[in-house]
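Engineer: below is the structure, and that's it, no one-letter string:
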């Protein structure tokens, strides 16, 4: 489809969670494509407030439906409660943001005749598979975070049967705290302090590390192709958290020892899937390109942020 034809129906979008890890990249990439983007950070829009959401989609008018029909063509819902361990303690807040907040956004979008993209997670799966999870695979989340994200999917699809649900995994990037930047900071602090003990990193959880930039690009490409339903978007190839940490230190030249630790010995509050690799075959086929291997994506991210070891 020609680029102008693709853009003809995507003129103005609202992005919730616009200052977050993925939301900031969606804003950046959409603007680079010529979209007019309204980015709503958490301080701009509380998605747990149904009336505030309706006003946002209605561009401040009382008649939210008709106003939004004239102003927005889509809302990309990136706002979420993403603290996996925190959700076990702040159960009510996780439900309010991930389930109820999504319900508010989805219903307001339905009233306004606006397309919806809902961002979900690999943590909707229980990790019992040993082959990548397809979009059609049964979702059986283990913890509060995964359950709330799955119910967000249900809310999105119930309000808008043609909603686009994008599941992704193990996100990192410049827009917020994440495993890659946390490991790099920990490693550098360890080196600066002259510490010789190794960093312990979990080695029995396997997924697909994904650069938020790549996910944003694929998400927008799916939106432009006017598809609906559940799609998986992630970088290629599998890794454990230990694999990812070692690659971070190798690429940045940070000389710190890393040793494996089991999930059980690590003792995190939330249960996590041991294997949450997403099958992105359908997405690759639709977009006509393979997903970027995660090691190459990580190298590109570190180079862009000036962290890549010049030696």
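Structural biologist: Received the coordinates, thanks. Remember, it's a predicted structure, so these values are computed and weren't measured experimentally. Numbering: from 1, shown residues only.
Engineer: for residue 50, see how far away the most far-flung residue of the chain relative to its centre is.
Structural biologist: The centre of the chain is farthest from one residue, residue 194, which by CA atoms, centre = their mean lies 35.4 Å away. Noted for residue 194: a distance of 54 Å to residue 50, by CB to CB, to the nearest Å. (C-beta placed from N, C-alpha, C; glycine too.)
Engineer: which secondary structure elements does the lengthiest helix in the chain contact?
Structural biologist: Assignment by DSSP state H gives helix 144-159 as the longest helix of the chain. Contacts defined by 3 or more CB pairs under 8 Å, 6 or more residues apart in numbering; DSSP states H and E place helix 144-159 against helix 86-89, helix 91-94, helix 101-112, strand 115-121, strand 164-168.
Engineer: buried residues, the second one. List them.
Structural biologist: Meaning helix 91-94. Within helix 91-94, the residues scored as buried using 16 or more other CB atoms under 10 Å are residue 94.
Engineer: any idea of the mean pLDDT for it?
Structural biologist: In this model, helix 91-94 has an average pLDDT of 97.
Engineer: where do the strands sit along the stretch 151-300 of the chain?
Structural biologist: Along the stretch 151-300 of the chain, the stretches classed as strands by DSSP state E, counting those that start in this stretch are 164-168, 171-172, 199-202, 206-207, 210-211, 229-232, 239-240, 258-261.
Engineer: looking at those, which is closest to residue 268?
Structural biologist: For residue 268, the closest of the strands of the stretch 151-300 of the chain is strand 199-202, at 8.4 Å, according to CB to CB.
Engineer: can you list the buried residues in the closest one?
Structural biologist: Under 16+ other CB under 10 Å, the buried positions of strand 199-202 are 199, 201-202.
Engineer: nearest to residue 110 among the residues you listed?
Structural biologist: For those, the nearest to residue 110 is residue 202 (40.2 Å; CB to CB).
Engineer: tell me who's in contact with that closest one.
Structural biologist: 240-242, 260-263, 266 (CB atoms under 8 Å, 6 or more residues apart in numbering).
Engineer: same deal with residue 207?
Structural biologist: Counting by CB under 8 Å, 6+ apart, residue 207 makes contact with 122, 169-170, 238-239, 273, 275-278.
Engineer: PyMOL command to pick out the buried ones of the residues you listed?
Structural biologist: In PyMOL syntax, the buried subset of the contacts of residue 207 is picked out as below (16+ other CB under 10 Å):
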select buried, resi 122+169+170+239+273+275+276+277+278
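Engineer: which residues are contacting stretch 43-55?
Structural biologist: With CB under 8 Å, 6+ apart as the criterion, stretch 43-55 contacts 16, 18, 56, 61, 64, 77, 79, 96-97, 100-102, 104-105, 107-108, 111.
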